Structures are given as structure tokens and as C-alpha cells.
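Enquirer: Attaching a predicted model along with its sequence, questions to come.
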Amino acid sequence: MFCLADGNNFYVSCERVFRPELRGVPVAVLSNNDGACVSRSYEAKKLGVPMGAPAHELRDFVVHHGLILCSSNYSLYGDISDRFMRTLKPFASSMSGYSIDEAFLCLDGVRGDLHQLGLQIKAKVLRDVGIPIGIGIAPTKVLAKLANWAAKKWPATGGVVVLTDPARQAKLLQLAEVGDVWGIGRQLTSHLQDMGIRTAAQLAAHDPKALRRRFSINVERTARELRGEVCFSLHENLGPKKMIACTRSFGQRLYSLPDLQQAIASHIARASEKLRAQQEDCRVVQVFIRTSPFDSKGESYSRSTFVQLQTPSSDVRDLLQAAQAGLASIYRPGPAYAKAGVILMEFINPRMSTPDLFAPAPRKGSADLMAVIDKINRKQGRGTIKPARLASAHSFAMKQDRKSPCFTTSWSDLLKVGSGPCLPVNAAETSCQK
DNA sequence: TCTGGGGTCCTAGGACCC
DNA sequence: TCTGGGGTCCTAGGACCC
């Protein structure tokens, strides 16, 4: 039996934990660079604020309906996510975090009333972490997802739906459209509809073999899971990452090579840190730069290149060298660059591979040096030790005009408790509603 | 003015191997 | 005359997720 615990409007809920004035009012969280809407409160959804809408299209809601916009604050969300996962863990024999705001629990061997258990989990997370969640419990992951969907869609469920009874399963499958099923996106929905498959029930009833032939093995599995046949295990797709990407749009357009070099250096610093965290080396570094697809005037330019490392490495100096060489080969003066990124790929475990006899030897002392850098940066904050190429003020920095304080991850942002309302030390500068 | 970031998996088709 | 069978690897492109 699987249980899916999923935060409601997670980013907005995180903002509300430390900012009670945001409760009960329409709130939306924006993506990086204050670009598009990525999370909406219940009140914002009710107003009709669309998911994914660019910020400038939300003006009317702000002016006429009191919609409050927040920049995204990923260190805050990440920290609250950690607390969320820690709180869930004791409820199950095993658990698998699926995304920043979702986790699957394995309830095999759990005795007693599952609905009561769901209510307990929900109450505990609300009390200890401060965020509302929905709970779906069912024999397969796809059904647990659907149960969770139902728990959020119908408030009368109390936010907990247990799908063990076949009759209830069948009923829900008829109410859900095929596009509401986990793994069935826009394209598949339209193809399935052409075949006359409109509801989850119809998908479950369709011949799985035919689904495999027409689409893919995963559509077959999804359909089988809807019937209660387990095809996805708890720890599906776990393990080290197969690629690590760091990409960003700039806060403003960039033109010069040195500016792009800085952006690339900062991406490499972060990407190589992630790579070292999973204790692997990489063989290939991809670099790309591009203009904005939304710039109607001006030249459109998008280039990408792969740089092969002779000796696999996770040393920031090696990766930086490779990435800068790649950048130099694709950079051209003229275009208004809007975004750059690096992607590390082809990982190897250095303890389980044979070095190339003719490749240059790895740098001496690299592992020790990197370990010290990572330790210092973990303790003193990201960027305490960084490539010298990076200036302190970035020309490529993100736009985040409405960012809330890092209440839990920055000493200077801790809430000051004293007379009057609780305000963070630097609240004046970071107020959400500028 | 202003349009996110980071992942995974699958398939088809070609090249190549024994 | 008759022209196999079983595989791997690679890449590009498409689709999905949060």
C-alpha cells in the first residue's frame, strides 16, 4: 500500500509559514527572475490567476484584487521541504521523496484504520512544519496520486482519500479525466481522446498491450497501475543523477564575453559541487548560450557545444577550463544574450573505473582541496570560496524584487522576537509588497 | 519593460559487431 | 537460386514530471 503526501500550493504555503499576513489573501509565487507564476494560493486560483502566466499579465489582479506577488526563495522552500520529509519518515517503514513537496510512503504491514492514519500525518505536518498537505492512499502509486488529486479537489474529503475499496476506485476513475492521471500529459491526452479514451476508467479498461504498441511501455504501466497492478516500485528511478544542469536567464540582457564567462563560472561552481556531492566525475561538459525567444527585434542566436574531458574530473578548475573553452567557441559579439547554462554528463565512479593510460594524470590533491572548499561553503554559505573570475556583484544576477527573508537559512534573517509584531531584522528591505 | 529551472525516460533509426 | 540472427551503442527528438 502506497501513501502519497503532497504539500498544497507548496511555495505559497512556505511563504505563509513565517508571514501570517499572507494567510487568507490571494498570493502567487513567481519563478526565477520574477518571470512567471509557479504557485498560487487557493484564493488566487479562485480569482482566476493562471498558472505559468508571465508576471506582467498579473498586474490587473495586483491592482484590483489585492494579489500579492513573491519572488521565489528556494533556500526557504528547500529547508521547509527537509522538515516536511523528516516529519513524514516515522510514519512508514520506508519512504521515498519524489519532489520538493511530495513523498511516497510504503504502508505495507501497517495495521489499523488507514484513513485515521492519513488524518494523523496531515495534522502532524501542519503542527510541526506549518504547511497544509493532502494525503492519498492506494495499492499503487498511480492510484495514490489520483487519490491525492481527489483529496485536493474535493474539500469534503478532509484532505485524505483512501482508495482500497474497489467500488470507490471505480467511481473515482470515472470522475477523473484521462489528463488528470499521473504520466498522461497534454500530447498523450489529445491522442487518447482521439481514440475515444476520455476518462481514467476508460484508460484502465483499454488493452494494455495495445497501449504499449501505440504509445510506450510507460503508458501501458500507467493503465495497469490504474487497475491496481503494481508496476512502479517505491524507489523507482532513485540513485545518482545522470546529468546535472545549472542554467539561468539573466536579470538583464548580456552582450560581452567577460559577462558570459562570469555567468558560466558561477554555473560551473554550483554544478561541480552537486557532482562532488554524489561522488562522481564527469567526462563531458555541455555549454549553451542563447538570446530570448521572446525578443521580437534583434537577432536570434542559440548555440551549444560539448567539451570532452581527457581525464574525467569533478575538480572545479578542470570543469571551468572546459566550459570556458566551450563558451569561447560559441560566443559571438552582437546578440543580446538572455540565458546561459552548463550541463554535466557522462558520469563515472572514480573508485570503480580504470584510468586512461595515455590521458593526463588527474591533479594532485584535488579531492582534498575540493572537500575543504565544499565544507567551507556548506558552513559559511555558498560562494564563500568561489572561482576568482566571479566578481562580487554579478551583472547577470537574477531579478528578485519581492523575495521574502531566508527565515531559516540565514542568521541575519532570523525573526526577532520582542515587543510588537515579529519582524525579521531586515524586513524593511525585503517586504514582499514593494 | 516583463515569459523558469532541473530532471527522467522512451523510441526510432542508423552504424556497427560477431 | 538461396542473402541470418542477435545484439549494442549512439543520437535526435519527443514526452512527461514538479
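Expert: Noted; the coordinates are in hand. Numbering: from 1, shown residues only, chains lettered A, B, ... in the order given.
Enquirer: Going along the chain, name the helices of the stretch 101-250 of chain A.
Expert: Assigned by DSSP state H, counting those that start in this stretch, the stretch 101-250 of chain A shows helices spanning A:114-128, A:141-153, A:166-175, A:186-194, A:200-205, A:208-214, A:217-226.
Enquirer: I should have written the stretch 251-400 of chain A there, sorry.
Expert: Using DSSP H, counting those that start in this stretch, helices in the stretch 251-400 of chain A cover A:257-277, A:316-330, A:366-380.
Enquirer: how about CSV for the ones you listed, with mean pLDDT, mean neighbour count and distance to A:V230 added?
Expert: (C-beta placed from N, C-alpha, C; glycine too.) What follows is the helices of the stretch 251-400 of chain A, written out as CSV (pLDDT from 0 to 100; neighbours: other CB atoms under 10 Å; distance: least, CB to CB, whole Å):
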stretch, mean pLDDT, mean neighbour count, distance to A:V230
helix A:257-277, 92, 21, 32
helix A:316-330, 92, 20, 41
helix A:366-380, 92, 13, 39
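Enquirer: Using TSV, lay out those together with distance to A:N73.
Expert: Shown next, in TSV, are the helices of the stretch 251-400 of chain A (distance: least, CB to CB, whole Å):
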stretch	distance to A:N73
helix A:257-277	17
helix A:316-330	26
helix A:366-380	19
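Enquirer: Let me know the average pLDDT across stretch A:26-38.
Expert: Across stretch A:26-38, the average pLDDT comes to 92.
Enquirer: What separates the first and last residues of it, distance-wise?
Expert: Start-to-end span of stretch A:26-38 (CA to CA, to the nearest Å) is 14 Å.
Enquirer: of all the helices of the stretch 101-250 of chain A, which has the lowest average per-residue confidence?
Expert: Ranked by mean pLDDT, the helices of the stretch 101-250 of chain A bottom out at helix A:208-214, with a mean of 88.
Enquirer: So it, near DNA strand C or not?
Expert: No: Helix A:208-214 does not reach DNA strand C (CB under 7 Å from any atom of the strand); its nearest approach is 12.1 Å.
Enquirer: Just checking the distance from that helix to the centre of its chain.
Expert: 31 Å (CA atoms, centre = their mean, to the nearest Å).
Enquirer: for stretch A:382-399, same thing?
Expert: That offset, for stretch A:382-399, works out to 23 Å (CA atoms, centre = their mean).
Enquirer: go on, stretch A:26-40?
Expert: Counting by CA atoms, centre = their mean, stretch A:26-40 comes out at 14 Å from the chain centroid.
Enquirer: Identify the residues contacting that stretch?
Expert: Contact with stretch A:26-40 is made by A:9-12, A:15-16, A:41, A:43-44, A:46-47, A:49-55, A:58, A:61, A:65-72, A:248-251, A:398-402, as judged by CB atoms under 8 Å, 6 or more residues apart in numbering.
Enquirer: which ones among those are found in helices?
Expert: The helices, defined by DSSP state H, take in A:F10, A:Y11, A:V12, A:E15, A:R16, A:E43, A:A44, A:K46, A:L47, A:F61, A:H65 from the contacts of stretch A:26-40.
Enquirer: show me what contacts the closest residue in space to A:N349 that isn't next to it in sequence?
Expert: Leaving out its chain neighbours, the residue that sits closest to A:N349 by CB to CB, 6 or more residues apart in numbering is A:E280, at 5.7 Å. Counting by CB under 8 Å, 6+ apart, A:E280 touches A:P240, A:S314, A:F347, A:I348, A:N349, A:P350.
Enquirer: got a winner among the residues you listed for most neighbours?
Expert: The most crowded member of the contacts of A:E280, judged by other CB atoms under 10 Å, is A:S314 (25 neighbours).
Enquirer: quick one, what contacts that one?
Expert: A:S272, A:L275, A:R276, A:E280, A:D281, A:C282, A:M370.
Enquirer: for it, phi and psi?
Expert: A:S314 has phi and psi values of phi -130, psi 10 when expressed as degrees, to the nearest 10.
Enquirer: quick one: pLDDT of it?
Expert: On the pLDDT scale, A:S314 gets 93.
Enquirer: Equivalent analysis for A:T354, please.
Expert: Value listed for A:T354 in the pLDDT field: 75.
Enquirer: Look up how far DNA strand B lies from it.
Expert: Shown here: A:T354 relative to DNA strand B, a distance of 21 Å by CB to the nearest atom of the strand, to the nearest Å.
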